[in-house]
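J.: Structure of the sequence below:
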Amino acid sequence: MPNSLEHSQNSVVNYPNQLHKLRTKRLLQIIGLTLFGLVLAVAVASGTTKWVLVAGCFTLALAGIFAYQRKIITATVVLLWAMCLMLSALAFISGGIRDLALLGYPGVLVFAAMLGNSRLFFSLIAFMLAFCASLTYLAVNGMVVPVIPTISAAHFVFVAAILLVTGVSVYLLYRDQQRLMSNLHAENHRVKQSQAHIEHLVLHDPLTALPNRISCQQHFQQLYNQCLTKAQPLAVLFLDLDNFKPVNDSLGHAAGDLLLQQLARRLENLLSEHDILCRFGGDEFLLLAPGFASDEALAAKAEALLQQTTAPFYIMQNQIEISGSVGIAVAPQDGIEFSEICKHADMAMFQAKADGRNVYRFYHDELNKASIDKFNMLQLMRKAIKQQEFQLYFQAKLQLSDKKVIGAEALLRWPQPDGSMISPDDFIPLAESSGLIVEIGEWVLQQACLACSRWHQQGYDDLTVAVNLSYVQFRDGKLEQQVQQALSAAALPAHALELELTESLLIGEGDNIAQQLAALHQLGIRFSIDDFGTGYSNLGYLRRFNASRLKIDKSFILSLCLSERDEPLVRAIIQMSKSLGLKTVAEGIEDSATAAQLALLGCDEGQGFYWAKPLPESDFLGFVSATLLNESQ
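T.: Below is the predicted model:
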């Protein structure tokens, strides 16, 4: 089809040139044929008639020269006026209005209509009418007496020449018109094919050949109108692949494209008679399912989509396994506009991802309320960043052996005008998903370093500060620069700063994070692994990322003295850490018994409400001072 489109474009571009060449060729043929007829007539003519014919031959030769030089208009004018005047002269000197020469007039007019323009045609016909009228007037009034020649063989030659020239020339011109009409029909067919192909490209995804988003919107409107007439619902199932990006990253985009094509064919096999499957974009598919029998039938359709998604793919000699999440919205109860119903299906799909992936979820009003709440919180968060409403609190970290305060973990807090606090569990995930965590995280680094520098200036030289990092902060590759700037602005030595990382962060991003952490390690920054024991707990990652501390998750610490199951795990973590040369930090210590038990197990450091809650900087320094005073007593 693209070749057809290109051919059509080339034909349109070359058509004027081709037409010009054809007209030149035909004009030369007609001039040659006319000259041949005149030569025959000269051979049998005599007297004045012969000289008129000879003059006509020379004039036609001149027209032929113009035609050969591709001066088409000039050659046509010379040819037709020469023939007209020659025929008129022959009629005038011979039989007048009844002369055989006037038989050539219709042929001249045909040539003028097909080879010339309207001005030439009407000027010739006006001259012919005027000349015939003059001959008639002169003959009727006896001013000119026509000479009626005796019939001879020459008359047959004259008639034959006129008929031959006129007939053959008209035949050639007629064939040209037929060929032109045939070409126009063929070109029109090609243009229609090209238009159909273009419309197909506009409305279909080139990779999977499925209807695209534009076409999907049109299908939705048509199906919705039909469903309204039949009082039936129209369901929209939004399928998003859960882990498609690693396929592209590891095997390349060609493998990803093949996977999408195979998945599209699988999903097409599930379609009912009136279902429409579309590729919504990227790794997203949209299924329009009109007139389903019940929610159970719709759920079964969603399950079928998930089953086809999770079935193994065999691509480039690799077995690939992915999964998907499906969100379901139903018109008209969940919306009547395409954009609205897609938005609601998208919300339900994200709820499916949040609930563990590879599941389906129906849209409900609470999702929309949650979306509005998130939007409002984002607006408040942006305002809080500009107006510096966030604050840093510090939770003390103590050495379990002697209860000495060795530093603090910086924790972000968002106080409200009424004295309440918005929980970090509510705004941190939203800040990460929106990207605001990058700006917030940079501010936290700066403020934590400045705070630690102030502690050193007040004589607490051994205190360090720990800052939690989000995986989002690694994405733009600027973290090393931000840390350097924060340390430089605070005049804080690098060893006084500790960055806390989660296991999922280390495993999820691979080389990108490894390179940045290596650069930070070269600066002298220390790293700790936060919430250890709740994730992958992979020793290889501990070695790879130069961790110096493991923070045992508080879920194991809170029940340490209550459940016998947690003690072996905590002991194993501590022993493993010592064998790797790492220190262990226990989070969530809330009583003396737990602190004592951890000390017996060999845990190095701890933090928790047993000693102090997260405190504003001034209160934290008060706690440090009071702790030192107790030690001295």
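J.: any weak-confidence spans in the stretch 51-200 of the chain?
T.: Within the stretch 51-200 of the chain, the ranges that satisfy pLDDT under 70 run 147-156, 158, 196, 200.
J.: who touches stretch 352-367?
T.: Residues outside stretch 352-367 that contact it (Cβ atoms under 8 Å, 6 or more residues apart in numbering) are 237, 240, 242, 295, 299, 302-303, 305-306, 309-310, 323-330, 334, 344-345, 347-349, 351. For glycine as for every other residue, the C-beta is placed from the backbone atoms N, C-alpha and C.
J.: Over to stretch 273-292?
T.: With Cβ under 8 Å, 6+ apart as the test, stretch 273-292 has contacts from 205, 207-208, 210-213, 215-216, 219-220, 223, 226-227, 230, 232-241, 244, 260, 263-264, 267-268, 271-272, 298, 301, 305, 342, 345.
J.: Now do that stretch: distance to the chain's middle.
T.: Relative to its parent chain, stretch 273-292 has a centroid offset of 18 Å by Cα atoms, centre = their mean, to the nearest Å.
J.: list the buried ones in it?
T.: Buried residues in stretch 273-292, counting neighbours by 16 or more other Cβ atoms under 10 Å, are found at 275-280, 283-292.
J.: same question, stretch 405-418
T.: The neighbour-count check on stretch 405-418 (16+ other Cβ under 10 Å) flags 405, 407-412, 414 as buried.
J.: try stretch 132-148
T.: Of the residues in stretch 132-148, 132, 135, 138, 146 count as buried by neighbour count, 16+ other Cβ under 10 Å.
J.: re earlier: which of the buried residues of stretch 273-292 fall in strands?
T.: Judged by DSSP state E, strands contain the following of the buried residues of stretch 273-292: 276-280, 284-290.
J.: Count the residues that sit near residue 29.
T.: 15 (other Cβ atoms under 10 Å).
J.: wouldn't it be in contact with residue 175 here?
T.: No: under the criterion of Cβ atoms under 8 Å, residue 29 makes no contact with residue 175, lying 11.5 Å away.
J.: For the ones in strands among the buried residues of stretch 273-292, name the two members farthest from one another.
T.: The most widely separated members of those, counting by Cβ to Cβ, are 284 and 290 (20.3 Å).
J.: What residue in the chain is the furthest from its centre?
T.: residue 142 (89.0 Å; Cα atoms, centre = their mean).
J.: Could you verify that that one is part of a helix?
T.: No: under DSSP: H, G, I helix; E, B strand; the rest coil, residue 142 falls outside any helix and is assigned coil.
J.: phi, psi of it?
T.: Backbone torsions of residue 142, given as degrees, to the nearest 10, read phi 70, psi 10.
J.: tell me the contacts of it?
T.: Contact partners of residue 142, counting by Cβ under 8 Å, 6+ apart, are absent.
J.: Break down the stretch 301-450 of the chain into its helices, ranges please.
T.: Counting by DSSP state H, counting those that start in this stretch, the stretch 301-450 of the chain has helices at residues 338-354, 365-386, 424-434, 436-457.
J.: Just the element for residue 237, please.
T.: If you go by DSSP states H and E, residue 237 is part of strand 234-241.
J.: Convert that strand to PDB, retaining C-alpha atoms only.
T.: Extracted C-alpha coordinates of strand 234-241, given in PDB (Å, rounded to 0.1, in the frame of the first residue of the first chain):
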ATOM      1  CA  LEU A 234     -21.200  -1.100  28.400                       C
ATOM      2  CA  ALA A 235     -18.000  -2.200  30.300                       C
ATOM      3  CA  VAL A 236     -14.500  -0.900  29.900                       C
ATOM      4  CA  LEU A 237     -11.700  -3.200  31.000                       C
ATOM      5  CA  PHE A 238      -8.300  -1.500  31.300                       C
ATOM      6  CA  LEU A 239      -5.400  -3.900  31.200                       C
ATOM      7  CA  ASP A 240      -1.900  -2.700  32.100                       C
ATOM      8  CA  LEU A 241       1.100  -5.000  32.100                       C
END
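J.: for that strand, the distance to its chain's centre please.
T.: Distance, centroid of strand 234-241 to centroid of chain: 20 Å (Cα atoms, centre = their mean).
J.: Can you name the residues in contact with it?
T.: Outside strand 234-241, the residues that touch it by Cβ under 8 Å, 6+ apart are 220, 223-224, 227, 267, 280, 283-292, 298, 301-302, 305, 309, 322-332, 341-342, 345-346, 348-349, 353, 360.
J.: ok, of those residues, which come out buried?
T.: So, of those, 220, 223-224, 227, 267, 280, 283-292, 298, 301-302, 305, 309, 322, 324-331, 341-342, 345-346, 348-349, 353, 360 end up buried under the neighbour-count rule (16+ other Cβ under 10 Å).
J.: Can you pull out the low-pLDDT segments for this structure?
T.: Ranges of the chain meeting pLDDT under 70: 1-20, 44, 147-156, 158, 196, 200, 503-511, 533-545, 631-633.
J.: residue nearest the centroid of it?
T.: For the chain, residue 281 is the residue whose C-alpha lies nearest the centre (Cα atoms, centre = their mean; 7.3 Å).
J.: Quickly note the distance from that one to residue 433.
T.: According to Cβ to Cβ, to the nearest Å, residue 281 stands 19 Å off from residue 433.
J.: Tell me which residues touch the closest residue to residue 476 other than its chain neighbours, please.
T.: Once flanking residues are discounted, residue 476 sits nearest to residue 438: 7.0 Å by Cβ to Cβ, 6 or more residues apart in numbering. Counting by Cβ under 8 Å, 6+ apart, residue 438 makes contact with 472-473, 475-476.
J.: That concludes my questions; thank you for your assistance.
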